[in-house]
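Trainee: Provided below for reference: sequence and predicted model.
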Amino acid sequence: MEEEKFARYNVFKLNIEYYFIFILTFILSIIGIIMVASASIAVGEQYFSDAYWFIRRQVIYWILSFLVFIVFSRVNYKFYSRISVFLILISIGLLAIVLIPGVATVVGGGRRWIDLYFFNIQPSELAKVALIIFISDSLNKRYREKPVFKNLLWPSYIILLIVTLLIFLEPDFGTVVIIWITVFILFFIGNVRFPHIIGLGSIGLITLIAYMFMEEYRRERIFAFLNKSAETAGVNFQVNQSLIALGSGNILGLGLGNSIQKYSYLPEAHTDFIFAILGEEFGMVGTFVIIALFLLLAFFGIRVCLRTQDYFGRTLAGAITGMIITQAIINIGVVIGLMPVTGLTLPFISFGGSSLLTCMVATGILLNISRQNFTVTKKTEEEIKGALQS
């Protein structure tokens, strides 16, 4: 009887985060396949004369990403501490390669992808995970025991600035915003001193604001966001079409596959604005379900962070959760008109191999942190059994 009680305690109290994160990741990624299949029909016909061009690739991306997800969930996360420098150097190298003329694939004026013929890789996506691994490891080894400013400035903040500069040059403002928010979440979880956070954050904020106003198209996006009454054919066109899609969905939606806006009315319907198509086809109920799934992922990710005793694992778990949820919040905020257009995808759901792979790698690591924490916690079995007996 005592063993049975302990088994129930073991499953439902000690490792519930692992199962929920796995299930939530699986559900969100399957919803992504379904929505890409629906939202990409028109653009597939337009550019490739093949309505199923995008969905075939998304299915392949999903299979590869899910296999990677399983692998990363099994690899002890402490291993990444030993190769953190290698990972960040590889990421910086790939970000630099993107800037070489003739190497990168240019889309919409941005040089963000390396064409591998069978797969386009976006180094800035992979750099997000490599950077938070590196900074978590750096704080653990240099700052935690001796929390002085120079141990935060070098190498964590200097590497952050290098990665930021390379991504700025692509240009990719949205990814930089995600990285900075994620890093400061990491700083907060890692008990970085508040004056240090404020000092470095002020530098970062000034840099981001200056960068926002350097290019005309970014200034137009900001002014359009502030002036919602701007003409529908101008810079507000995309957001206005997005709001039309959401409004058309009403409560229950038009039904899967019945979106009107995806037929060339709403640009980037299968990537940045896929949430609008989801709202059009599944209504307010569908959008609330997606938001609820992300909130649950945030809840269980935070639980993993709070329950992890190891400093490196705790900061890494918090940063991964913050990265995914922050990107989801910003993407949904853009789609419903609460934030300026940034060009960010919706994690797990938007079309894109690099985005899906990065999210799967990140949640795979999060699962392993939960698994390893559970293994450590099992050492207290006798204490738990004693508590149950009493």
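Mentor: Nice, thanks for sending it over. Numbering: from 1, shown residues only.
Trainee: what helix or strand does the closest residue in space to G322 that isn't next to it in sequence sit in?
Mentor: Sequence neighbours aside, I185 is the residue nearest to G322 in space, at 3.7 Å (criterion: CB to CB, 6 or more residues apart in numbering). (C-beta placed from N, C-alpha, C; glycine too.) Using DSSP states H and E, I185 sits in helix 173-189.
Trainee: Could I get the buried residue list for that helix?
Mentor: 173-187, 189 (16 or more other CB atoms under 10 Å).
Trainee: Output that helix as PDB, nothing but the C-alphas.
Mentor: Only the C-alpha atoms of helix 173-189 are listed here, as PDB (Å, rounded to 0.1, in the frame of the first residue of the first chain):
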ATOM      1  CA  PHE A 173      15.200  43.500 -35.500                       C
ATOM      2  CA  GLY A 174      12.500  41.100 -34.200                       C
ATOM      3  CA  THR A 175      15.000  38.400 -33.400                       C
ATOM      4  CA  VAL A 176      17.300  40.900 -31.600                       C
ATOM      5  CA  VAL A 177      14.300  41.900 -29.400                       C
ATOM      6  CA  ILE A 178      13.600  38.300 -28.500                       C
ATOM      7  CA  ILE A 179      17.200  37.700 -27.600                       C
ATOM      8  CA  TRP A 180      17.500  40.800 -25.400                       C
ATOM      9  CA  ILE A 181      14.300  40.000 -23.500                       C
ATOM     10  CA  THR A 182      15.400  36.400 -23.100                       C
ATOM     11  CA  VAL A 183      18.800  37.300 -21.800                       C
ATOM     12  CA  PHE A 184      17.400  39.700 -19.200                       C
ATOM     13  CA  ILE A 185      15.000  37.100 -18.000                       C
ATOM     14  CA  LEU A 186      18.100  34.900 -17.700                       C
ATOM     15  CA  PHE A 187      19.900  37.600 -15.700                       C
ATOM     16  CA  PHE A 188      16.900  37.900 -13.400                       C
ATOM     17  CA  ILE A 189      16.700  34.200 -12.800                       C
END
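Trainee: ok, I181 touching T326?
Mentor: Yes - taking CB atoms under 8 Å as the definition, I181 is a contact partner of T326 at 5.0 Å.
Trainee: Next secondary structure after the longest helix along the chain?
Mentor: Assignment by DSSP state H gives helix 274-307 as the longest helix of the chain. Heading C-terminal from helix 274-307, the first helix or strand you meet, by DSSP H and E, is helix 311-335.
Trainee: just to revisit the earlier point, and the longest helix of the chain, average pLDDT?
Mentor: Across helix 274-307, pLDDT averages out at 97.
Trainee: thinking again about what came up before, please list the residues outside the helix holding I185 that contact it.
Mentor: If you take CB atoms under 8 Å, 6 or more residues apart in numbering as the criterion, helix 173-189 is touched by 124-125, 127-128, 131-132, 135-136, 139, 160, 163-164, 167-168, 196-197, 200-201, 204, 208, 211-212, 218, 305, 314-315, 318-319, 322-323, 326-327, 330, 342-344.
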